[in-house]
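Q: Got a sequence here, can you build the structure:
(chains A and B)
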Amino acid sequence: AQSVTQLDSQVPVFEEAPVELRCNYSSSVSVYLFWYVQYPNQGLQLLLKYLSGSTLVKGINGFEAEFNKSQTSFHLRKPSVHISDTAEYFCAVRRNNNDMRFGAGTRLTVKP
Amino acid sequence: EAQVTQNPRYLITVTGKKLTVTCSQNMNHEYMSWYRQDPGLGLRQIYYSMNVEVTDKGDVPEGYKVSRKEKRNFPLILESPSPNQTSLYFCASSLSSGANYGYTFGSGTRLTVV
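A: Presented below is the predicted three-dimensional model:
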């Protein structure tokens, strides 16, 4: 079975600072990796996904993530955050069955 | 517009009164799933469906039922709701059950059982 651990439940950061949201996964087989964002009172939206190929994946809104197979990590980064990036972020893994497993979420708060 | 539509957005009900949360998608997706979201626990899968008339339990199926009579609809049924089912519910769909497909989510249904 696979599981997903998001290492920080809350990340406060000032506007225009860089941010990294950490995600580790465990799986005995190859998986596909996703990051979703949830703005207040909304459903989840896909930010980016890693399927294969280059380990650095670029997504929407200036976010990117790096797949590290040896460390089983898929950390999300943005070089300069905006107030509008305040949201909850979920890391998820999916293997070749039906299961999309989500982490517990990281609440990113961007302060002025 | 491609979307997953859930209704209602908010629902307050009493213990034991049967309710149904509807979910409909207009993208001809094969795979649909229900999740509940609780603070500190992330999203946990309740039930999923790989296609019409094919459903299976997720991680937390107790107290819930689903049906998939048509490809576009995947209602979630609580036959006898209890307070521990107070939660935020999301319906999601994807083109297929293949692992390389991400999900499209509905806007959520916030259910309170008193």
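Q: And B:Thr55, how far from B:Ile77?
A: Per CB to CB, to the nearest Å, B:Thr55 is found 12 Å from B:Ile77. Just so you know, the C-beta spots here come from the backbone N, C-alpha and C atoms, and that holds for glycine as well.
Q: Looking at these two, which one has more neighbours?
A: Using other CB atoms under 10 Å in any protein chain shown as the criterion, B:Thr55 and B:Ile77 rank with B:Thr55 on top: 18 against 14.
Q: nearest residue to that one other than its sequence neighbours?
A: Excluding the flanking residues, the one nearest B:Thr55 by CB to CB, 6 or more residues apart in numbering or on different chains is B:Ser49, at 4.5 Å.
Q: Pretty sure that neighbour sits against B:Met32.
A: Yes: the criterion here is CB atoms under 8 Å, and B:Ser49 meets it with B:Met32 at 4.9 Å.
Q: if you count what's nearby, which of those two comes out ahead?
A: A side-by-side neighbour count of B:Ser49 and B:Met32, using other CB under 10 Å, places B:Met32 first with 27 against 22.
Q: any residues touching the helix or strand harbouring the more buried one, and which ones?
A: Per DSSP states H and E, B:Met32 falls inside strand B:31-38. Here strand B:31-38 makes contact (CB atoms under 8 Å, 6 or more residues apart in numbering or on different chains) with A:98, A:100, A:102, B:23, B:25, B:43-51, B:58, B:60, B:64, B:66, B:68, B:74, B:76, B:85, B:87-97, B:101, B:103, B:108.
Q: Could you pick out the buried ones from the residues you listed?
A: Using 16 or more other CB atoms under 10 Å in any protein chain shown as the burial test, the contacts of strand B:31-38 include A:98, A:100, A:102, B:23, B:25, B:43-50, B:58, B:60, B:64, B:66, B:68, B:74, B:76, B:85, B:87-94, B:97, B:101, B:103, B:108 as buried.
Q: Pull the number of nearby residues for the closest residue to chain A within chain B.
A: In chain B, the residue that lies nearest chain A is B:Phe105 (3.7 Å; CB to the nearest CB). Neighbour count of B:Phe105, defined by other CB under 10 Å: 23.
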